[in-house]
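> dropping a prediction and its sequence here:
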Amino acid sequence: MTCVEAEPLIGASLDGELDPQTALRMEQHFTTCASCALLLERLQRLQQEIAEADLDWSAHADLRQLAAAIRRQTNPPWWRGPWVWRSVLGAVAALALVSVFLPSQPASSLERQMVDNHLRSLLANHLVDVPSSDQHQVKPWFQGKLDFAPAVPDLSAQGFVLMGGRLDVVGGRPAAAIVYRRRQHVVNLWVSRTSGSDRPVSTSELEGFHVLEWQKGGAAYWAVSDLNAEELGEFAKLIRSH
Ligand SMILES: [Zn+2]
């Protein structure tokens, strides 16, 4: 087995989702390939850190069960492609750099939660409940699952490819998570209802991720990605204009 074959399977290997024969071949690869073994170890550590930091999610077991039920009905996990793992590995590298060069500092709890949500969506085999690049499939999927109808704009002409949507929880409220991709970067966009008034985009950075937040027309939006600030800003602008 080569690294090219092994790399996209590391996540599945970590989750014990491989068939016995492939699992054995992966084990053999890990014993002979230091770089893949190191990636496995880093992902293990990251998954552990996320699990330990994950306090909010357990409070929303209902929604999680709902999401799990929906997930069971969906197709095989095609989104476990290599580019997802490149994105995850980029995240791991960013985290590793931060832990090496910066003393740990407390981030705002909501920003932290959004980055955790983003990482969880990449790691926990739960990027999308409805995998589709068609806005006319993704938008109706949210009907009856949320008490509002999130806009799902098609931004493919602007270089943001729709990947699908899923249900999530933000600040204790059900939220639509709409997933886009630019090159190998995943962009998670969360939309939830708010009684607050309109707010312009505020930007922050946490552990190599950009977190954009704004409110418009009774909805609160968050966008998180390891995409650079300029392009994520462009994304927010496009979403706001729809
Ligand atoms: Zn390897």
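All right, it came through fine.
> ok, and the closest non-adjacent residue to residue 129?
residue 166 (4.0 Å; CB to CB, 6 or more residues apart in numbering). C-betas here are computed from N, CA, C, even on glycine.
> so how far is the strand or helix carrying the one you found from its chain's centroid?
Secondary structure assignment for residue 166, by DSSP states H and E: strand 161-170. Averaging C-alpha positions (CA atoms, centre = their mean, to the nearest Å) puts strand 161-170 8 Å from its chain's average.
> got the buried residues for that strand?
162, 163, 164, 165, 166, 167, 168, 169, 170 (16 or more other CB atoms under 10 Å).
> and stretch 25-36, by the same measure?
So for stretch 25-36, counting by 16+ other CB under 10 Å, buried means 25, 26, 29, 30, 33, 36.
> looking at the buried residues of strand 161-170, which is nearest the ion?
Of all the buried residues of strand 161-170, the ion sits closest to residue 163, with 26.9 Å by CB to the ion.
> wait, the closest one touches residue 127, no?
Yes. Between residue 163 and residue 127 there is a contact under CB atoms under 8 Å: 7.0 Å.
> hmm, back to that, the strand holding residue 166 pairs with which strands?
Sheet pairing of strand 161-170 (DSSP bridges) gives strand 130-131 (antiparallel), strand 173-182 (antiparallel).
> which residues does the residue nearest to residue 129 contact?
67, 70, 121, 126, 127, 128, 129, 130, 177, 179 (CB atoms under 8 Å, 6 or more residues apart in numbering).
> repeat that for 7 Å
Contacts for residue 166 (CB atoms under 7 Å, 6 or more residues apart in numbering) come out as 67, 126, 128, 129, 177.
> tell me what it is bridged to.
Residues in beta-bridge contact with residue 166 (DSSP bridges): residue 177.
> please identify the helix or strand for residue 152.
Following DSSP H and E, there is no helix or strand that holds residue 152.
> mind checking how far it is from residue 43?
Remark: distance between residue 152 and residue 43 (CB to CB, to the nearest Å) = 30 Å.
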